[in-house]
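# take a look and give me a structure for this.
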Amino acid sequence: MLLEIRDLQTSYGLSQVLFGVSLSLEPGEVITLMGRNGMGKTTTANSVTGLCKPHAGEILFEGERIDGLAPHQIARRGIGLVPEGRRIFPNLTVRENLLMAYANRRGARDPWTFERVLDFFPRLAERLTNAGNQLSGGEQQMLAIGRALMTNPALLVLDEATEGLAPLIREEIWQQLDRLKQSGLSLILIDKDLQALSRLAARHYIIEKGQIVWSGTNADLLADNTLQTRYLSV
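Purely as a prediction, here's the structure:
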């Protein structure tokens, strides 16, 4: 098991958001975490990556607990995050945003390098001297993904990676995520595009009011219109 979350409970101050979330991920697997806005998807992602500290439950990565570690320690273990809202450094150039993130602590044989990321996202090669705040929304998202890949993670968590992007750019992002899947990288995808998610993931989790209310296969989810309407429709 690559990642296992057991009975996770996380709060912001006195406001509890997660009420016993449990999920698992095998090496090389792609899973999704779906649900309406405000149901705990981002809090789950932030708990896994150390940005939120759970007050109960366990998070195990490669068999070792990480729920008490700081974000930089979790990143060094091999978990990368593409956060909601991208959060690139606006005053750094594309080149600087990528190079500052480079690490290969796990000793990958074919690591993500500056050149490999530019080959993966050719648009970034055309914007190397542009500051982050001079990029389009789609280019910023490519930069956020590229920056996470530069850490050479074993698991990449993507929180709303296509939100607010033009249809053509969204499709380009999904195609590149499929390439990451084919490479064997484990992915947790948080998004609202069921059609795109169903092309990439074999298993899905649905969260409602801080609890996992359904989990199952791709075929089971697509066959159950009632389930989709109850938990995923706006």
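# after the helix or strand where L8 lies, which helix or strand is next?
Here L8, judged by DSSP states H and E, is contained in strand 3-12. The helix or strand immediately downstream of strand 3-12 is strand 15-25, counting by DSSP H and E.
# who does that next one touch, helix- and strand-wise?
Secondary-structure packing of strand 15-25 (3 or more CB pairs under 8 Å, 6 or more residues apart in numbering; DSSP states H and E): strand 3-12, strand 30-34, helix 41-48, strand 56-61, strand 211-217. Any C-beta I mention is one placed from the backbone N, CA and C, and that applies to glycine too.
# save the ones you listed as JSON lines, and put in mean neighbour count and distance to P90 too.
Shown next, in JSON lines, are the helices and strands packed on strand 15-25 (neighbours: other CB atoms under 10 Å; distance: least, CB to CB, whole Å):
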{"stretch": "strand 3-12", "mean neighbour count": "18", "distance to P90": "26"}
{"stretch": "strand 30-34", "mean neighbour count": "24", "distance to P90": "28"}
{"stretch": "helix 41-48", "mean neighbour count": "24", "distance to P90": "21"}
{"stretch": "strand 56-61", "mean neighbour count": "18", "distance to P90": "31"}
{"stretch": "strand 211-217", "mean neighbour count": "16", "distance to P90": "35"}
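# to S24, which of those lies closest?
Set against S24 and scored by CB to CB, the helices and strands packed on strand 15-25 come closest in strand 3-12, at 4.8 Å.
# out of the helices and strands packed on strand 15-25, which is closest to D119?
Counting by CB to CB, D119 lies closest to strand 30-34 out of the helices and strands packed on strand 15-25; the figure is 22.1 Å.
# same question for that closest one, mean pLDDT?
For strand 30-34, mean pLDDT is 97.
# that one vs strand 211-217, what angle?
Counting by axes from the mean of the first three to the mean of the last three CA atoms, to 10 degrees, strand 30-34 lies at 140 degrees to strand 211-217.
# what are the pairing partners of strand 30-34, and which direction each?
strand 186-190 (parallel), strand 203-208 (parallel) (DSSP bridges).
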